[in-house]
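Colleague: Generate coordinates for the sequence data below:
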Amino acid sequence: MELGVAGSIGVKQFSGVAVDQDINKWLDENPDVEVLDIKFAASASHEDWETDALIIYRKEE
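Modeller: Next up, the predicted model:
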């Protein structure tokens, strides 16, 4: 099945208290990735908090 442009798009999800180090490590390990967008969200309750990030990138062809 041919996916066209969508077939060249990938995502990488990160979750945790502080995801910046994980994101930077992944980007360092994948220097040829073309990042299209990064979505970031944080959630908190009276007892806990967490952050999530989703990197949307173009896969190498």
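Colleague: How about the most centrally placed residue in the chain: what's its closest non-neighbour residue?
Modeller: With distances taken as Cα atoms, centre = their mean, the residue of the chain nearest its centroid is residue 55 (2.4 Å). Nearest residue to residue 55 in three dimensions, chain neighbours excluded: residue 12, at 4.6 Å (Cβ to Cβ, 6 or more residues apart in numbering). To be clear about C-beta, it is placed using only N, CA and C from the backbone, and glycine gets the same treatment.
Colleague: Which of the helices or strands spans the one you found?
Modeller: Counting by DSSP states H and E, the element that carries residue 12 is strand 9-16.
Colleague: just checking, what packs against that strand?
Modeller: helix 20-29, strand 49-58 (3 or more Cβ pairs under 8 Å, 6 or more residues apart in numbering; DSSP states H and E).
Colleague: Please work out which of these is packed deepest.
Modeller: Among the helices and strands packed on strand 9-16, ranked by average contacts under mean count of other Cβ atoms under 10 Å, first place goes to strand 49-58 (a mean of 15).
Colleague: Each with direction, which strands does it pair with?
Modeller: When pairing is defined by DSSP bridges, strand 49-58 lines up against strand 9-16 (antiparallel), strand 34-44 (antiparallel).
Colleague: Pull out the buried positions in stretch 36-51.
Modeller: If you call a residue buried by 16 or more other Cβ atoms under 10 Å, then stretch 36-51 has these buried ones: residue 51.
Colleague: contacting residues around it?
Modeller: Residues from elsewhere that reach stretch 36-51 (Cβ atoms under 8 Å, 6 or more residues apart in numbering): 9, 15-19, 23, 52-58.
Colleague: Of all pairs in these, which one is the farthest apart?
Modeller: Pairwise distances across the contacts of stretch 36-51 (Cβ to Cβ) peak at 29.1 Å, for the pair 17 and 58.
Colleague: residue contacts, the closest residue to residue 53 other than its chain neighbours?
Modeller: Closest residue to residue 53 apart from its sequence neighbours, by Cβ to Cβ, 6+ apart: residue 14 at 4.6 Å. By Cβ under 8 Å, 6+ apart, the contact list for residue 14 reads 22-23, 26, 52-55.
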